[in-house]
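> no sequence on hand, only this structure:
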């Protein structure tokens, strides 16, 4: 079964976890209103709808991340690679006023994402059971990665603010194939390389802040593991927190993040209220950006590093996590 359209015939969404894939996010059909309950115009609905997609790959000694964001007033794209051996963070980021040449098709399963600026071209497209990422840019940058076995994602719709909502589709612990070529160097995936996909959209709160954690790798016993945790967003009675073991999604309780924002090199601790996650994170590198453009603003820090601690499976068995690569994020947004 497939949910053809997210918005029903009454112009509403039904919050909750979704067991079936959604074919189309028909956001223009939503009954968006002001805080005084006045209906918003079709033009207002178009301009208030935000979308972003993020993908990552945790390779042998390196981590790659890429995002495309469509805020209507502004489009943006970035990609980076952090090399643990050299400690080098290589990154490129771009802005497009009025989101020109920025396209995220509102189809979570089969939609294509594109971003272009000058000679830089980014494309995220559906593959047989995952996503294929291609990037070309000056400086010898050629990236081709395929994330596969994306068969049990977390899909969630939750309220946002007075009259909005957010839809998110997330997966972690996915096998990755391909390579990253950058400035005459090559980083190749191996059989232990794992990645994540985050596809999100909605009429989001005007101002929001969150912490987010993601890891993807292979355990000592050979099983794939992935983790997605967030606090401060998508938490109106529901969470987007989940653990993947060999591709199977297991829901988790609310997440708690402990860290010192003004000591960026310090240790992070993240846990869940159900006791199933207890992890420490040591940052090694960071991709950060500050943007204050009056209507839009972002204070973004995404740390690359290593997780250690334990996660607990559905049967209550504790699983040791030792030095698995992942990401931690601290973000304020006005959009």
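Yep, it's here. As the structure is a prediction and not an experimental result, all values here were calculated from the model. Numbering: from 1, shown residues only.

> same question for stretch 233-242: list its buried residues.
Within stretch 233-242, the residues that qualify as buried are 233-234, 238-242, counting by 16 or more other CB atoms under 10 Å. From N, CA and C alone the C-beta is placed, and that goes for glycine too.

> per-residue confidence averaged over that stretch?
Here stretch 233-242 scores 81 as its mean pLDDT.

> centre of the chain to that stretch, how far?
Here stretch 233-242 is found 14 Å from its chain centre; the criterion is CA atoms, centre = their mean, to the nearest Å.

> what comes into contact with it?
15-17, 154, 156, 158-160, 166, 168, 170, 172, 208, 210, 212, 227-230, 249-255, 272 (CB atoms under 8 Å, 6 or more residues apart in numbering).

> now stretch 143-151
So stretch 143-151 is contacted by 55, 57, 64, 66, 79, 127-136, 171, 174-182, 189, 195-197, 247 (CB under 8 Å, 6+ apart).

> near residue 200, how many other residues are there?
Applying other CB atoms under 10 Å, we find 22 other residues in the vicinity of residue 200.

> and what about it, helix, strand or coil?
The local conformation at residue 200, judged by DSSP: H, G, I helix; E, B strand; the rest coil, is strand.

> I'd like to know how far it sits from residue 329.
Note on residue 200: its distance to residue 329, by CB to CB, to the nearest Å, is 13 Å.

> contacting residues around residue 226?
171-174, 194, 196, 214-216, 243-244.

> so it, which of the three states?
strand.

> how about residue 275?
coil.

> that one contacts residue 312, correct?
Yes. Using CB atoms under 8 Å, residue 275 is in contact with residue 312, at 7.0 Å.

> between those two, which one's more packed in?
Using other CB under 10 Å, the more surrounded residue of residue 275 and residue 312 is residue 312, with 18 against 12.

> contact partners for that one?
Here residue 312 is in contact with 275-277, 318-319 (criterion: CB under 8 Å, 6+ apart).

> the stretch of helix or strand residue 285 belongs to: what's the following helix or strand?
According to DSSP states H and E, residue 285 maps onto strand 277-293. Proceeding C-terminally, strand 277-293 gives way to strand 296-312 as the next helix or strand, assigned by DSSP H and E.
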